[in-house]
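Asks: dropping the sequence and predicted coords here.
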Protein chains: 2
Amino acid sequence: MAVRIKVTVAYDGSRFAGWQIQPNADTIQARIEEALALIAKVPVRVHGSGRTDAGVHSIGQVAHFDAPAELTMNPVNWLAALNTKLPATIRVLECDEVNPDFHARFSASSKTYTYELSTSPVLPPFQASRAWHLPRQLDPVTLEQALALFEGRHDFKAFSAVRGNEDEETDYRRTLSESSLRRLPEGYLLTFTGEGFLYKMVRLLTGAAVQTAQGYFRLDDLASLLDQEPELPRGKSPLCAPPDGLSLVEVRY
Amino acid sequence: MAVRIKVTVAYDGSRFAGWQIQPNADTIQARIEEALALIAKVPVRVHGSGRTDAGVHSIGQVAHFDAPAELTMNPVNWLAALNTKLPATIRVLECDEVNPDFHARFSASSKTYTYELSTSPVLPPFQASRAWHLPRQLDPVTLEQALALFEGRHDFKAFSAVRGNEDEETDYRRTLSESSLRRLPEGYLLTFTGEGFLYKMVRLLTGAAVQTAQGYFRLDDLASLLDQEPELPRGKSPLCAPPDGLSLVEVRY
C-alpha cells in the first residue's frame, strides 16, 4: 500500500510563476513533481495546502503525496533525495509519514501569512523581491487601526478577486484570528492568521490598509468595505499590494 | 569644470557576471554606466574601488565618476536618478561630491569583506546565493585559530590567483588588520579587513580555513603556507570558497 508523505516546503517565489502547475511556466508544484518522478521513476501527484501566486514566498507551505508501495524510503531519505533534485530556491524543510486520511488542503485548520513593508529610503538589493517598498509617509497608528478592523468574522468580498475561469465563491465570510503589526528596524511586518483566505485577500487587505495609512483612503471608508449588504452595489479594496512582500509562513492541522 | 561624484553601491551579485565591464556579460559597472549615459546623454566612465567576481555581493562598494559640467545636479538628485534607471538588484546607497583628486581605487585606505558560512541542516531558499552551505562537521575553535593565523603582515602568495591575461603581482605581502569569526544563529560570519587584497585572496583564505576546521588540513600545514621562501616550490591554498558567501562591506578613505 502507498505511504502518504507530508512535506513542509520553503521557496523564493520571485524565481517562479507561482505554486500551481501550468503549461509553459516554471512552478513550484511542477518542480516538486519532477523531482518525485526522478526518485520514484513513476509520476507522483503533489497536493498543496493551497496555491501561492507568482512572486509570493513560503517558509511553511505544506503538501502531501503518496509514495509508491515498492519504494521503501523513510522520511529522512525523502527529505535528502528531494533536496538533491530540487533547485536551491526550493527546499524541503520537513518530511513526515502521515495517515492516509491526511490531506494538505482539506485537513488544514488555519494558515498564517506575513506581509513585509520596507520604509527604508533605498530598498537594499536583497530585499528587492521580498518587501513592498514604501519610502514615503506611512502613519503606523493608522496602519494598526486599519489592520485591527479586519480581525474577527466578516464578509470579505470587497477584499477578494475572481481567479481566472473559476466560479465565484458562494460564501465570502471568513474569520481572521489575527491581523496585526510588528515594527521592523526599517519597516513593518503584517501578520494575518485565519481558517481560510479568499483569492488575493491578504494582498487586497494590505493594499487597502497601506492606502489608509498613507492618507489616500479613510478609516471609515475602509470599515464600510467589510460586511457590505449583498443586495447593494459593492465597494472594492482600493489597491492590491504587490506579491513581493507576501510569505506563507505556517499551515496548521 | 566636471564635478567628481563618489557613489556607494550595494548589489546582489548572484544576478550579475561581476563588477567589471566585459563583452556580452551583464555586469554591475556596465549597468551603472548605462544608467549614467541615460541621465547625462553622453558616455560616462565609472571607476570602482576594485572588481568583485561573478556571484560576489556588495553592501559598500565605492565608485566615482565625473559628471559633465553642463549638468547641474546635486548628489541627492544623482542618487534618485541613478536608482530610477538601475535594476532593483543594484542600489546606490549614497552620493557625495568629492574633490577632483579623489579616486575610488587609488585613494582607498582599507577594505572590509565578510564571508558567511551556513551550518543549517537545510539551507533556506533566500540564503541560497548568500552563504556557503556547510551542514557537516566544522570545528569553530579550529576555524577561529585558522583565521587568527592570517592576521598581521604576511606573504599571501599561496592565497592568490592570477587573473586571466594579467601580469603576476610583484609583491605578495599584504597586511590583514582583522581576520575574525562571529557566531550566527545557524553559522558563522568571517570578517577580513586589510589595506589591500590579492585576487581571490578572501575566498582562498576562507576555503583553507574551512578545510582545516573540517579536519581535512592541519593548522601547521596552513601556517606553513604563509610567508613561504620565494626560492622553494610553493604550496597553495587547498580550496577556493564559492563566491556566494562573499560580500564587500566597506571601503575606507
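Replies: That came through, no problem.
Asks: pretty sure residue A:238 contacts residue A:218?
Replies: No - look at residue A:238 against residue A:218 with CB atoms under 8 Å: they stay out of range, at 10.6 Å. Yep, even glycine has a C-beta here, placed from its N, CA and C like the rest.
Asks: higher neighbour count, those two?
Replies: Between residue A:238 and residue A:218, counted using other CB atoms under 10 Å in any protein chain shown, residue A:238 has the larger neighbour count: 17 against 12.
Asks: from chain B, how far off is the closest residue to residue A:184 other than its chain neighbours?
Replies: Nearest residue to residue A:184, sequence neighbours excluded (CB to CB, 6 or more residues apart in numbering or on different chains): residue A:116, at 7.3 Å. Separation of residue A:116 from chain B (CB to the nearest CB, to the nearest Å) stands at 12 Å.
Asks: okay, residue A:116 and residue A:134: tell me how far apart.
Replies: 10 Å (CB to CB, to the nearest Å).
Asks: determine the residues that are contacts of both of these two.
Replies: Taking CB atoms under 8 Å, 6 or more residues apart in numbering or on different chains as the contact criterion, the common neighbours of residue A:116 and residue A:134 are residue A:187.
Asks: so what does the helix or strand harbouring residue A:96 touch, helix or strand wise?
Replies: In this assignment (DSSP states H and E), residue A:96 forms part of strand A:90-98. Where contact means 3 or more CB pairs under 8 Å, 6 or more residues apart in numbering or on different chains; DSSP states H and E, strand A:90-98 is packed against strand A:3-11, helix A:28-40, strand A:57-67, helix A:75-85.
Asks: immediately after it, which helix or strand?
Replies: From strand A:90-98, the next helix or strand downstream (DSSP H and E) is strand A:110-118.
Asks: quick one: mean pLDDT for that next one?
Replies: Averaged over strand A:110-118, pLDDT sits at 98.
Asks: which neighbours in the sheet does it have, and how are they oriented?
Replies: If you go by DSSP bridges, strand A:110-118 pairs up with strand A:132-133 (parallel), strand A:187-194 (antiparallel), strand A:246-252 (antiparallel).
Asks: that strand: how far from the chain's middle?
Replies: 8 Å (CA atoms, centre = their mean, to the nearest Å).
Asks: same check, this time on stretch A:53-67
Replies: On CA atoms, centre = their mean, the centre of stretch A:53-67 falls 9 Å from that of its chain.
Asks: which one is residue A:67 nearest to, not counting chain neighbours?
Replies: residue A:3 (4.7 Å).
Asks: may I ask which helix or strand encompasses the residue lying farthest from the centre of chain A?
Replies: Distance from the centre of chain A peaks at residue A:70, with 34.3 Å (CA atoms, centre = their mean). For residue A:70, there is no host helix or strand (DSSP H and E).
Asks: which ones are touching residue A:4?
Replies: Counted by CB under 8 Å, 6+ apart, residue A:4 has contacts A:64, A:65, A:66, A:67, A:97, A:98, A:99, A:100, A:102.
Asks: narrow those residues to just the buried residues.
Replies: Among these, those buried by neighbour count (16 or more other CB atoms under 10 Å in any protein chain shown) are A:64, A:65, A:66, A:67, A:98, A:102.
Asks: list the residues that contact the fifth one.
Replies: Which is residue A:98. A:4, A:5, A:6, A:64.
Asks: just to check, the second one is in contact with residue A:77?
Replies: It refers to residue A:5. No - contact between residue A:5 and residue A:77 fails when scored by CB under 8 Å: they sit 10.5 Å apart.
Asks: of the two, which one has the most company?
Replies: Using other CB under 10 Å, the more surrounded residue of residue A:5 and residue A:77 is residue A:5, with 24 against 13.
Asks: now the more buried one: how far from residue A:110?
Replies: Counting by CB to CB - residue A:5 and residue A:110 are separated by 22 Å.
Asks: could you dump stretch A:127-134 to PDB, C-alpha only?
Replies: Extracted in PDB, the C-alpha atoms of stretch A:127-134 (Å, rounded to 0.1, in the frame of the first residue of the first chain):
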ATOM      1  CA  GLN A 127      15.000  43.000  -0.200                       C
ATOM      2  CA  ALA A 128      14.100  43.800  -3.800                       C
ATOM      3  CA  SER A 129      11.800  40.800  -4.200                       C
ATOM      4  CA  ARG A 130      10.900  40.400  -0.500                       C
ATOM      5  CA  ALA A 131       9.200  43.600   0.600                       C
ATOM      6  CA  TRP A 132       6.900  46.300  -0.700                       C
ATOM      7  CA  HIS A 133       9.000  49.500  -0.800                       C
ATOM      8  CA  LEU A 134       7.100  52.400   0.700                       C
END
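Asks: what's in contact with that stretch?
Replies: Counting by CB under 8 Å, 6+ apart, A:12-14, A:55, A:57, A:115-120, A:123, A:187, A:206, A:210, A:214, A:241-242, A:244-245, B:12, B:88-89, B:126 sit against stretch A:127-134.
Asks: got it, and stretch A:224-231?
Replies: A:149-150, A:154-159, A:208, A:234-237.
Asks: 10 Å instead, please
Replies: Here stretch A:224-231 makes contact (CB atoms under 10 Å, 6 or more residues apart in numbering or on different chains) with A:149-150, A:152-159, A:172-173, A:204-205, A:208, A:217-218, A:234-238.
Asks: could you give the mean pLDDT of it?
Replies: For stretch A:224-231, the per-residue pLDDT averages 84.
Asks: go on, stretch A:186-198?
Replies: On average, stretch A:186-198 scores 96.
Asks: buried ones in it, by neighbour count?
Replies: So, applying 16+ other CB under 10 Å, buried residues of stretch A:186-198: A:187, A:188, A:189, A:190, A:192, A:193, A:194, A:197, A:198.
Asks: give me the three-state assignment for residue A:241.
Replies: Three-state call for residue A:241 (DSSP: H, G, I helix; E, B strand; the rest coil): coil.
Asks: tell me if I'm right that it and residue A:201 touch.
Replies: No - counting by CB atoms under 10 Å, residue A:241 sits too far from residue A:201 to count as a contact (11.0 Å).
Asks: residues of the stretch 101-250 of chain A that sit close to chain B?
Replies: A:120-130, A:133, A:244, A:247 (CB under 10 Å from any CB of the partner chain).
Asks: reformat the helices and strands packed on strand A:90-98 as JSON lines; add distance to residue A:140 and mean pLDDT.
Replies: Shown next, in JSON lines, are the helices and strands packed on strand A:90-98 (distance: least, CB to CB, whole Å; pLDDT from 0 to 100):
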{"stretch": "strand A:3-11", "distance to residue A:140": "29", "mean pLDDT": "97"}
{"stretch": "helix A:28-40", "distance to residue A:140": "34", "mean pLDDT": "97"}
{"stretch": "strand A:57-67", "distance to residue A:140": "24", "mean pLDDT": "97"}
{"stretch": "helix A:75-85", "distance to residue A:140": "39", "mean pLDDT": "95"}
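Asks: need those in CSV (columns: distance to residue A:253).
Replies: Below are the helices and strands packed on strand A:90-98 laid out as CSV (distance: least, CB to CB, whole Å):
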stretch, distance to residue A:253
strand A:3-11, 9
helix A:28-40, 19
strand A:57-67, 8
helix A:75-85, 16
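Asks: of all these, which one is nearest residue B:39?
Replies: strand A:57-67 (33.3 Å; CB to CB).
Asks: list every C-alpha atom in that closest one, with coordinates, as PDB.
Replies: The C-alpha atoms that make up strand A:57-67 are tabulated as PDB, following Å, rounded to 0.1, in the frame of the first residue of the first chain:
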ATOM      1  CA  HIS A  57       7.200  33.300  -1.000                       C
ATOM      2  CA  SER A  58       6.900  30.500   1.500                       C
ATOM      3  CA  ILE A  59       8.700  29.400   4.600                       C
ATOM      4  CA  GLY A  60       6.000  26.900   5.600                       C
ATOM      5  CA  GLN A  61       3.900  25.700   2.600                       C
ATOM      6  CA  VAL A  62       2.600  22.100   3.300                       C
ATOM      7  CA  ALA A  63       1.900  19.500   0.600                       C
ATOM      8  CA  HIS A  64       1.400  15.700   0.500                       C
ATOM      9  CA  PHE A  65       2.000  12.900  -1.900                       C
ATOM     10  CA  ASP A  66       1.600   9.100  -2.000                       C
ATOM     11  CA  ALA A  67       4.900   7.300  -2.300                       C
END
